[in-house]
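Colleague: Have a look at this fold, sequence not included:
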């Protein structure tokens, strides 16, 4: 959570919360005034995450491809952090790029995008939008995962069409 700057965030977005393990950890790390928007495409997982009782948490059933509209729907400001567990290695390049373009355009200045993945495919997908990733391994996860982090700065990057 430190990599994402959660402790000082106002708005955090979680893509693919699954059964809510990371969601609960995010809520524990966030300030009392912050909001957490969890976007889940699977209705079963959404039902599980919707059961988390915390007034800072908004559980949304939908696709990360619609992130711009979802943020607007809830009247949220630019997120300070976007955390993602969605598997970029199993989706098409177009869908992955669409999601990462939305993340990049929505992040607040100095906002962070952090994703944990089994594959490093997300690195090439995100490079045009946020540049070079910082990478670490989380060996305590089973199986171990790579953790990738980008920070949005004032440099405007070109986007692919």
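Modeller: Everything's here; your move. These numbers were taken from a predicted model, which means no experiment stands behind them.
Colleague: use CA for all of it now, contacts and neighbours both
Modeller: Will do.
Colleague: Check whether residue 13 sits in a helix, strand or coil.
Modeller: At residue 13 the chain is in strand, as set by DSSP: H, G, I helix; E, B strand; the rest coil.
Colleague: so who does it touch?
Modeller: If you count contacts by C-alpha atoms under 8 Å, 6 or more residues apart in numbering, residue 13 has them with 36, 37, 38, 39, 79, 81, 82, 83.
Colleague: Recalculate using a threshold of 10 Å.
Modeller: Residues in contact with residue 13 (C-alpha atoms under 10 Å, 6 or more residues apart in numbering) are 23, 26, 35-39, 57-58, 67, 71, 78-84, 103, 107, 113.
Colleague: Over to residue 92?
Modeller: Shown in contact with residue 92 (C-alpha under 10 Å, 6+ apart): residue 98.
Colleague: if I look at it, how far off is residue 121?
Modeller: Between residue 92 and residue 121 the distance is 11 Å, computed by C-alpha to C-alpha, to the nearest Å.
Colleague: Now do the helices in this protein.
Modeller: For the chain, helices defined by DSSP state H occupy the ranges 21-29, 43-50, 67-73, 93-106, 121-130.
Colleague: Need those helices in JSON lines (columns: distance to residue 13, mean neighbour count and mean pLDDT).
Modeller: Converted to JSON lines, the helices of the chain look like this (distance: least, C-alpha to C-alpha, whole Å; neighbours: other C-alpha atoms under 10 Å; pLDDT from 0 to 100):
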{"stretch": "helix 21-29", "distance to residue 13": "10", "mean neighbour count": "16", "mean pLDDT": "95"}
{"stretch": "helix 43-50", "distance to residue 13": "14", "mean neighbour count": "17", "mean pLDDT": "97"}
{"stretch": "helix 67-73", "distance to residue 13": "9", "mean neighbour count": "14", "mean pLDDT": "97"}
{"stretch": "helix 93-106", "distance to residue 13": "9", "mean neighbour count": "19", "mean pLDDT": "95"}
{"stretch": "helix 121-130", "distance to residue 13": "17", "mean neighbour count": "19", "mean pLDDT": "88"}
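Colleague: and the lowest-mean-pLDDT helix or strand in the chain, what other elements does it pack with?
Modeller: Counting by mean pLDDT, DSSP states H and E, the weakest-scoring helix or strand in the chain turns out to be strand 134-138, with a mean of 77. Other helices and strands packing on strand 134-138, by 3 or more C-alpha pairs under 10 Å, 6 or more residues apart in numbering; DSSP states H and E, are strand 112-117, strand 145-151.
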